[in-house]
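> next come a sequence and a model predicted from it.
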Amino acid sequence: MILDRLYNVSKRPGELRRSIKGLSSKVMYERLKMLENKGIIKRKLIYEKPLEVRYELTERGHKITELINQIRNLE
C-alpha cells in the first residue's frame with residue numbers, strides 16, 4: 001500500500017499515514033525504514049523553514065510497483 005501511495009508522487013509522512021486507513025505511525029515508520037534500507041524508497045529532506053521530510057520511490061521502487069500492478073491486472 002505504501003508503494004501505491006508513492007507512485008509518481010512524493011508525500012510527507014503525515015499525508016502518507018492519513019492516506020492509508022488503519023496504519024499506525026509506528027508501523028508506518030518501520031515499513032518506511034525497511035523500504036528505504038532496501039533501496040525501494042528514498043527519504044528526501046527539504047531545507048525550508050520548517051524542515052520538510054518527503055518520501056518517494058526510487059527507480060527500483062518504480063520497477064517493483066509496475067511489476068505488482070501488472071500482476072494485479074492478470075485477472
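That came through, no problem.
> buried residues in stretch 51-69?
Within stretch 51-69, the residues scored as buried using 16 or more other C-beta atoms under 10 Å are 54, 55, 56, 57, 58, 61, 62, 64, 65. For every residue, glycine as well, the C-beta is placed using N, CA and C.
> out of the residues you listed, list just those in helices.
61, 62, 64, 65 (DSSP state H).
> name the nearest residue to residue 23, sequence neighbours excluded.
residue 17 (5.7 Å; C-beta to C-beta, 6 or more residues apart in numbering).
> residues near that neighbour, how many?
Using other C-beta atoms under 10 Å, the number of residues around residue 17 comes to 19.
> returning to what we had before: quick check: the farthest pair among the buried residues of stretch 51-69?
Maximum pairwise distance among the buried residues of stretch 51-69 (C-beta to C-beta): 19.2 Å, between 54 and 64.
> all helices of the chain, in order?
2-6, 13-19, 25-37, 59-72.
> export the last one as PDB, just CAs?
Translated: helix 59-72. The C-alpha trace of helix 59-72 is given here as PDB (Å, rounded to 0.1, in the frame of the first residue of the first chain):
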ATOM      1  CA  GLU A  59      13.900   3.800  -9.800                       C
ATOM      2  CA  ARG A  60      13.900   0.300  -8.300                       C
ATOM      3  CA  GLY A  61      10.700   1.200  -6.400                       C
ATOM      4  CA  HIS A  62       9.000   2.200  -9.600                       C
ATOM      5  CA  LYS A  63      10.000  -1.000 -11.300                       C
ATOM      6  CA  ILE A  64       8.700  -3.100  -8.400                       C
ATOM      7  CA  THR A  65       5.400  -1.100  -8.300                       C
ATOM      8  CA  GLU A  66       4.900  -1.600 -12.100                       C
ATOM      9  CA  LEU A  67       5.500  -5.300 -11.700                       C
ATOM     10  CA  ILE A  68       3.000  -5.500  -8.900                       C
ATOM     11  CA  ASN A  69       0.400  -3.600 -11.000                       C
ATOM     12  CA  GLN A  70       1.000  -6.000 -13.900                       C
ATOM     13  CA  ILE A  71       0.400  -9.000 -11.600                       C
ATOM     14  CA  ARG A  72      -2.800  -7.400 -10.300                       C
END
